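K.L.:
please work out how this folds:
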Amino acid sequence: MADKPRVRFAPSPTGELHVGNARTALFNWMFARHQGGDFVLRIEDTDESRSALSYQVNLLNDLTWLGLDWDEGPQKEGAYGPYKQSERLDIYTRHLQQLEAADLVYPCYCTEEELEEERQALILSKRMPRYMGKCRKLTRQERQQKEAAGRKPSFRFKVPDETFQFDDLIRGAMKFEGTAIGDFIIVRSNGMPAYNFAVVIDDHLMGITHVIRGEDHLSNTALQIMLYNAFGFPPPTFAHHCLILGRDRSKLSKRHGSVSVGEFRKQGILPEALMNYLGLLGSSFTEGREVLSREEMITAFSLERASKSGAIFDEEKLHWLNAIYIRNCPTEDLVSRLQPFLERAGYKTDTLDPVWFHQVIDLIKNDLTTLAEVGSHIDIFFDDKFAITAEAGQILEKASSCPVVKAFAEYLKTAAGNPQEIYLAAIKYTKEKTGVKGKDLFMPIRAALTGRVHGPELDKVFAILGKNAALNRLKPFAD
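P.N.:
Residues are numbered from 1 along each chain as shown. Model prediction:
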């Protein structure tokens, strides 16, 4: 037994990293860091038809992006490797032979069609679908006949007629009856280990002390405890957290919107914001706090406080958190993070005055909810991107707007001094000359200078644009 906690995140590279799986990784990571233990990454890639190297690469990149660093696993080999199941097949073969020698397994020759027929018959008779042991008592001669006919067997574990119990750190005492569980496959007919078989062997040999995963694995736990007992392995401590649900309280899926870490990366969600939000789902931190740093999350994490009921994924809440993180991000760091989104929006930042551009980002970052929105917020500062929106056009078409814009431009033509002083003096001059004030004073000027009716504080926009750029934009409406 390990002298310190060891947990693992063991995804299958059969798709992009789902936020639900990312939260499982986060819970394991926080538990390891809180307890001073090890966080192990294991790739369960024995499903050859669905596993892909591209998914594995994206998985490692997403975990790294989130900041979930692993102590052992791919790219960080340790004493318990290899950390890919496809490289551990000889280990599973030896353990199958061990169970065969103990007469705890048997070959099953049933086809998918036969199994489905049995399943439907049980459903029609209102019984729980399970394997009824058709191949359990085949004679050696019957097995030879089936193999001679070209049938390749899978191997099933003989489920004992016993009660299986364990204490879950989140859900408390759990109990399963062996009579309700059919003999289950541990090695498929293609020679590949089934999930429950491989995971028990790997978790034991890798010294995993705590298995923290979603509640959808509760039924697997009974099967795994049977295998732990069969091998004489001490089982780890289990903790099954709630699942992430959509607004309709069904399991979060693509029909609810974005569900993968990669999708949120492309939208411009910051990793610390996504980590913070996932940490809030199904767990509670002290004092009801919602905005926490990595270190604060680690310190406050507790499985005992984890919720048993499903956690609703609220994308609006995630965007709210993301806006907070963007607002608090140092501008220099934010500019660096914005680079791919700026390039995608057609901006060549290497040609810009960095001091000026930092002023632009510092001004608009309070209005961003995602990094991907940056292009639509900074275009007011670039003449080649500048355009008058329909709303702004309607403001400028009003008869009362023309005198305001003309007076403002009139003052600018001869004004001198720093931009802040010029702006304030121009507003005062325009107000006195036209007698207009409030919204009717500021809205036409904003519409002419920015092409919009909403945006950052106008005096700060004017300071960044400068007097000459402002005059050029006012000219069409002031002549």
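K.L.:
helices along the stretch 351-479 of the chain, start to end?
P.N.:
Taking DSSP state H, counting those that start in this stretch as the criterion, the stretch 351-479 of the chain carries its helices at 354-364, 374-378, 390-397, 401-414, 419-434, 439-450, 458-465, 467-478.
K.L.:
of all the ones you listed, which one is nearest Gly172?
P.N.:
Gly172 lies closest, by C-beta to C-beta, to one member of the helices of the stretch 351-479 of the chain: helix 374-378, at 48.0 Å. All C-beta atoms are positioned from the backbone trio N, CA, C, and that covers glycine.
K.L.:
buried residues in the closest one?
P.N.:
Val374, Gly375, His377, Ile378 (16 or more other C-beta atoms under 10 Å).
K.L.:
do stretch 423-430 as well
P.N.:
Quick answer for stretch 423-430 (16+ other C-beta under 10 Å): Tyr423, Ala426, Ile427, Tyr429, Thr430.
K.L.:
CA atoms of that stretch as PDB?
P.N.:
What follows is stretch 423-430, C-alpha atoms only, in PDB (Å, rounded to 0.1, in the frame of the first residue of the first chain):
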ATOM      1  CA  TYR A 423     -12.300  66.400 -24.800                       C
ATOM      2  CA  LEU A 424     -13.600  68.100 -21.600                       C
ATOM      3  CA  ALA A 425     -13.300  71.500 -23.100                       C
ATOM      4  CA  ALA A 426     -15.000  70.400 -26.400                       C
ATOM      5  CA  ILE A 427     -17.900  68.900 -24.500                       C
ATOM      6  CA  LYS A 428     -18.300  72.200 -22.400                       C
ATOM      7  CA  TYR A 429     -18.100  74.300 -25.600                       C
ATOM      8  CA  THR A 430     -20.700  72.100 -27.400                       C
END
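K.L.:
which residues touch it?
P.N.:
For stretch 423-430, the external contacting residues (C-beta atoms under 8 Å, 6 or more residues apart in numbering) are 404, 407-408, 410-412, 415, 417, 436, 441-442, 445, 458-459, 462-463.
K.L.:
just the buried members of these?
P.N.:
Buried residues within the contacts of stretch 423-430, counting neighbours by 16+ other C-beta under 10 Å: 404, 407-408, 410-412, 415, 436, 441-442, 445, 458, 462-463.
K.L.:
identify the farthest-apart pair in these.
P.N.:
Every pair of the buried ones among the contacts of stretch 423-430 checked by C-beta to C-beta; the farthest is Val436 and Ala463, at 22.8 Å.
K.L.:
which residues of the protein score low on pLDDT?
P.N.:
Scanning the chain for pLDDT under 70 picks out the ranges 1-2, 256-257, 284, 286-287.
K.L.:
neighbours of the closest residue to Cys402 other than its chain neighbours, how many?
P.N.:
Distances taken as C-beta to C-beta, 6 or more residues apart in numbering place Phe477 nearest to Cys402, at 6.9 Å, with adjacent residues excluded. By other C-beta atoms under 10 Å, the residues close to Phe477 number 20.
K.L.:
what sits closest to Glu475 if chain neighbours are left out?
P.N.:
No, residue 475 isn't Glu; it's Lys. Ala409 (7.1 Å).
K.L.:
whoops, Leu60 was the one
P.N.:
Closest residue to Leu60 apart from its sequence neighbours, by C-beta to C-beta, 6+ apart: Pro74 at 6.3 Å.
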